[in-house]
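A.B. asks: Show me the folded form of this:
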Amino acid sequence: MRKIICSIAIISMFFVAHAQETQYIIQQDIHYYNDSINQSDEYINERCVLDVYYPKNLKGYATIIWFHGGGLKAGNKAIPQALKDKGVAVVSVNYRLFPQIGAPKYIEDAAASVAWVFNHIESFGGDSSLIFLSGHSAGGYLVSMVGLDKKWLSQYNIDANRIAGLIPFSGHTITHFTVREERGIDGKQPVIDELAPLYHVRKDAPPVLLITGDRELELLGRYEENAYMMRMMKVAGHKDTRLYELDGYGHGMTEPAFPLLLKEVERIMDKKMIK
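C.D. replies: The predicted model follows:
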């Protein structure tokens, strides 16, 4: 049954209250690989950087790591305006792009950036138990891969289950079309292999909120991919996977989705406080 969102413009009083009283700082172009790797690879040194936007006079706040879209071929980091001044930190990440590199290098970059945040956000005042992953399109795909396939973060001795929540916007759940392009597979030929989030469904994953545009306006099959992901997560025994379809919005559905992201952050924070 189609999920219709009627109140996407409502942002909680929690975020509004903090927005009225808090100053924010941004630190830009921080390298998330170590110096020896940066110095040995010019493209890593150029692309593998992130920005940290955080509240100056708060402690123990949540952090949203945001991955830009662009088909794994284009795009650049930016702090979404809709996430500014909301009482949370936002970390915006650049990663390497095809065709300069191929799969799975962009997933490796995403995992390295998430590991950096886990290891450093408390020095900015954040709470490492309240790290959320979100992103649009290709960024949503990276969110799901890093959050569901535990091997990417395990190389940094981080359990992916420490992630507080996964909120991909219009992300592939099958193997990404750019990965298929690298292999000479037509974009209309669906593939589910180890580079597909669907391959890694598991019952013990962090909470998952899937958000897509209208199924009739989205990119080919994008809503249906996410609907299948929701179903298979539930079949696997996961207790907290949900799917929102934004009526009337196509693939560029980020603006109405941002309030839903913030409400999801608040929902999970409230659950953790109750525990």
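
A.B. asks: Report the rounded mean pLDDT for stretch 65-72.
C.D. replies: Stretch 65-72 shows a mean pLDDT of 98.

A.B. asks: what does stretch 127-145 give?
C.D. replies: What stretch 127-145 shows for mean pLDDT is 98.

A.B. asks: buried sites along the longest helix seen in the chain?
C.D. replies: Ranked by residue count, the top helix of the chain under DSSP state H comes out as helix 254-274. Within helix 254-274, the residues that qualify as buried are 254, 256-266, 268-269, counting by 16 or more other CB atoms under 10 Å. No exception for glycine: its C-beta is placed from N, CA and C like everyone else's.

A.B. asks: quick one: what helix or strand has the residue nearest to G60 when sequence neighbours are not counted in it?
C.D. replies: Closest residue in space to G60, ignoring its immediate chain neighbours: D127 at 4.6 Å, by CB to CB, 6 or more residues apart in numbering. Per DSSP states H and E, D127 falls inside strand 126-136.

A.B. asks: next one: the helix or strand just after that strand to chain centre, how far?
C.D. replies: Counting by DSSP H and E, the next helix or strand C-terminal to strand 126-136 is helix 138-148. Distance of helix 138-148 from its chain centroid, counting by CA atoms, centre = their mean, to the nearest Å, is 6 Å.

A.B. asks: Pull out the buried positions in the strand holding D127.
C.D. replies: Across strand 126-136, burial judged by 16+ other CB under 10 Å covers 126-127, 130-136.

A.B. asks: Relative to A115, which of those residues is nearest.
C.D. replies: I131 (10.5 Å; CB to CB).

A.B. asks: give the contact list for the residue nearest to that closest one when sequence neighbours are not counted.
C.D. replies: Excluding its sequence neighbours, the residue lying closest to I131 (CB to CB, 6+ apart) is T63, at 5.0 Å. Contact partners of T63, counting by CB atoms under 8 Å, 6 or more residues apart in numbering, are 54, 88-91, 117, 121, 126-127, 130-132.

A.B. asks: The helix or strand where T63 lies pairs with which strands?
C.D. replies: Counting by DSSP H and E, the element that carries T63 is strand 61-67. Sheet pairing for strand 61-67, assigned by DSSP bridges, gives strand 89-93 (parallel), strand 126-136 (parallel).

A.B. asks: Can you pull out the low-pLDDT segments for the stretch 151-275 of the chain?
C.D. replies: Residues of the stretch 151-275 of the chain meeting the criterion pLDDT under 70: 275.

A.B. asks: Quick one: the strands in it, in order.
C.D. replies: Assigned strands in the stretch 151-275 of the chain, in chain order: 165-169, 208-213, 241-246 (criterion: DSSP state E, counting those that start in this stretch).

A.B. asks: I'd like these laid out as JSON lines, including distance to W152 and mean neighbour count.
C.D. replies: Converted to JSON lines, the strands of the stretch 151-275 of the chain look like this (distance: least, CB to CB, whole Å; neighbours: other CB atoms under 10 Å):
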{"stretch": "strand 165-169", "distance to W152": "13", "mean neighbour count": "28"}
{"stretch": "strand 208-213", "distance to W152": "16", "mean neighbour count": "26"}
{"stretch": "strand 241-246", "distance to W152": "20", "mean neighbour count": "20"}
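
A.B. asks: quick one, which of those is nearest to A227?
C.D. replies: A227 sits nearest to strand 241-246 of all those, at 6.0 Å, using CB to CB.

A.B. asks: and the angle for that closest one with strand 165-169?
C.D. replies: Orientation check (axes from the mean of the first three to the mean of the last three CA atoms, to 10 degrees): strand 241-246 against strand 165-169 gives 30 degrees.

A.B. asks: And the helices in this protein, which stretches?
C.D. replies: Under DSSP H, the chain gives helices at 13-21, 35-40, 42-47, 105-120, 138-148, 151-154, 177-182, 222-235, 254-274.

A.B. asks: So which of the ones you listed is the most surrounded?
C.D. replies: Most buried of the helices of the chain, by mean neighbour count (mean count of other CB atoms under 10 Å): helix 138-148, with a mean of 28.
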